[in-house]
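Undergrad: quick one, fold the following:
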Amino acid sequence: MKLRKMVAMVLTGMMLILALSGCSADNAETSADKPKDSSSTDTKTETETKTETKTETDSETPASTKEPVTVVVWNQIFEEWNQEFFTQKAEEYNALGRGYVVEQSFIAGDAWTERMTAAQAGGTAPDTYVLSYNGIVSAARDSMILPLDDLLPAEAFNDLNDNVKEMVSYDGKYWAYPQLVEPSTVLYYRTDLFEEAGITKVPTTWDELIEAAKKLTTNDMFGLSIPDFPSMGWCTWGLQHATSGHLAINDNWDAPLIDQGYIDLANFYKECYDTGVVPEQSLAGYATMQDFGEGNVAMKFCGSWGVAQIINDYPELADKFAVAAPPTKDGNQDTVLATNGGWTYVIDAKTDAAEGAADYISWLLAEDIETSAEFFQLASYAKAAPRKSVTEYLNANAGDSTWAETVNYVSAHAISEPIYPWDISVAVALMFENTALGMMSAEDAAAETTASIQAIIDNQGLAGKNPRK
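TA: Numbering: from 1, shown residues only. Model prediction:
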């Protein structure tokens with residue numbers, strides 16, 4: 001009897017143990033599958049909590065609440081206001097919750113090439129970065145950047161000025177989205193001195209320009225400042241095209257094109273010296289408005305960036321100057337008037353965040369008109385907008401900035417900077433210098449330049465190497 005009771009007690013105890021074990025197993029499984037109530041007293045380690053949160057976020061929550069993807073942006077250091085603007089815009093973008101967050105760095109121009117080269121070699125290049133127009137073709141050809149056709153909407157490119165579309169294109173695709181364009185040449189003139197000299201018409205021809213310069217030349221001031229000879233290698237590209245209808249070599253890069261147009265342009269510079277309306281030696285470099293701002297010259301050729309220099313460095317002249325399209329030989333100002341420089345955004349070919357980079361570029365440069373226009377307003381309208389819609393907005397809202405429309409007009413009549421070797425441009429600049437200073441006739445200088453360019457073509461094997469053809 002006692003034996004049977006003992007067996008029954010043992011069996012009962014074993015069943016109770018099994019029941020309790022089963023209950024615990026069920027509870028453990030449930031807790032792994034379900035979130036705890038807010039009243040639960042169970043605790044987790046920090047690692048367990050992060051793991052569970054990540055799993056829930058990835059599988060159950062909308063994409064808009066996922067951890068944003070980081071987009072690394074490299075910008076160059078320019079003016080202080082420029083850096084402040086792009087810093088502010090990155091902060092605004094990050095606050096929008098578009099699924100991406102921008103991490104932006106500003107790199108000094110003199111360190112840019114070294115830093116970028118090292119980053120690209122080490123596979124740590126930024127997702128998107130600024131690139132000048134003349135670097136787009138080589139970067140696209142060498143597969144360093146991605147085409148943007150499938151990353152940005154077609155409307156973004158349709159809104160670009162036609163000449164800017166060409167500047168960001170290669171092999172039938174778009175490889176960059178433009179931030180700004182800066183025409184290399186406009187004519188600055190003192191409105192107060194024009195009035196004193198009785199000049200009522202802004203010069204549109206070379207002859208009119210020289211006649212105006214004669215009237216403005218005094219014992220204390222020259223009537224005109226033309227480019228220094230080294231700068232003529234690049235700042236006259238637009239004027240070369242306006243005068244001759246082409247640049248210094250043909251499109252196949254196998255023959256020089258130094259013709260009568262180049263001879264005429266060289267003789268124009270010679271006449272400027274012969275009449276004494278320009279200083280024998282430049283008083284300031286082409287890219288600076290110092291000679292104009294200090295009252296040494298009454299008119300000056302410079303790029304559109306000169307507007308901001310006057311506003312910031314010579315505010316006493318802010319209401320005493322104006323900007324005009326550069327005069328041409330025959331007065332035609334519905335032709336190529338300059339080249340466009342400036343900056344674009346590109347996307348690195350090895351990025352893991354192409355969509356995010358494109359989203360930031362789109363928001364910053366290609367969507368809201370007022371967001372884009374703010375940059376040009378801060379720049380004192382010294383730079384031109386690449387988008388047609390933004391240009392129209394700026395022209396309508398420029399207020400007293402009478403130069404805004406001119407800067408935009410010249411930019412719309414500008415070509416991209418040539419991508420042939422710099423040696424060719426140096427040879428052309430030497431032709432202008434030899435002619436202007438009377439060291440040889442324009443015809444002899446043209447013949448010498450033709451021979452020099454042909455030697456460059458032959459020595460560097462340029463024939464048929466134009467990447468745009």
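Undergrad: residues contacting the closest residue to Ser401 other than its chain neighbours?
TA: Closest residue in space to Ser401, ignoring its immediate chain neighbours: Tyr381 at 4.5 Å, by C-beta to C-beta, 6 or more residues apart in numbering. The C-beta positions use only the backbone N, C-alpha and C, and glycine is treated the same way. Residues near Tyr381 by C-beta atoms under 8 Å, 6 or more residues apart in numbering: 307, 394, 398, 401, 403-404, 407.
Undergrad: ok, now how distant is the nearest residue to Val336 once chain neighbours are set aside from Gln333?
TA: Closest residue to Val336 apart from its sequence neighbours, by C-beta to C-beta, 6+ apart: His241 at 4.3 Å. Per C-beta to C-beta, to the nearest Å, His241 is found 13 Å from Gln333.
Undergrad: same deal with Met439?
TA: Using C-beta to C-beta, we find Met439 at a distance of 32 Å from Gln333.
Undergrad: for the residue nearest to Ser401, grab phi and psi.
TA: When quoted as degrees, to the nearest 10, the phi and psi of Tyr381 stand at phi 60, psi 30.
Undergrad: tell me the confidence at it?
TA: The score at Tyr381 is 93. That number is its pLDDT.
Undergrad: how close does it get to Met232?
TA: 27 Å.
Undergrad: ok so, going back, between Met439 and Gln333, tell me which one has more neighbours.
TA: Comparing Met439 with Gln333 by other C-beta atoms under 10 Å, the one with more neighbours is Gln333, at 17 against 11.
Undergrad: leaving out sequence neighbours, find the closest residue to the more buried one.
TA: In space, Gln333 is closest to Ala325, 4.8 Å off (C-beta to C-beta, 6+ apart).
Undergrad: kindly report the same for Glu433.
TA: Per C-beta to C-beta, 6+ apart, closest to Glu433 is Phe229, 4.2 Å.
Undergrad: can you tell me the element the one you found falls in?
TA: Per DSSP states H and E, Phe229 falls between elements, in no helix or strand.
Undergrad: give me the neighbour count for it.
TA: 17.
Undergrad: give the contact list for it.
TA: Neighbouring residues of Phe229 by C-beta under 8 Å, 6+ apart: 429-430, 432-433, 436.
Undergrad: possible to save those residues as TSV with pLDDT?
TA: Output for those, formatted as TSV (pLDDT from 0 to 100):
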residue	pLDDT
Ala429	98
Leu430	98
Phe432	98
Glu433	98
Ala436	97
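Undergrad: now the strands for the stretch 251-400 of the chain?
TA: 299-302, 321-324, 338-341, 343-347 (DSSP state E, counting those that start in this stretch).
Undergrad: okay if I get those as JSON lines plus distance to Ala463, mean pLDDT and mean neighbour count?
TA: Listed next are these as JSON lines, based on distance: least, C-beta to C-beta, whole Å; pLDDT from 0 to 100; neighbours: other C-beta atoms under 10 Å:
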{"stretch": "strand 299-302", "distance to Ala463": "34", "mean pLDDT": "98", "mean neighbour count": "26"}
{"stretch": "strand 321-324", "distance to Ala463": "40", "mean pLDDT": "97", "mean neighbour count": "21"}
{"stretch": "strand 338-341", "distance to Ala463": "24", "mean pLDDT": "95", "mean neighbour count": "26"}
{"stretch": "strand 343-347", "distance to Ala463": "29", "mean pLDDT": "98", "mean neighbour count": "23"}
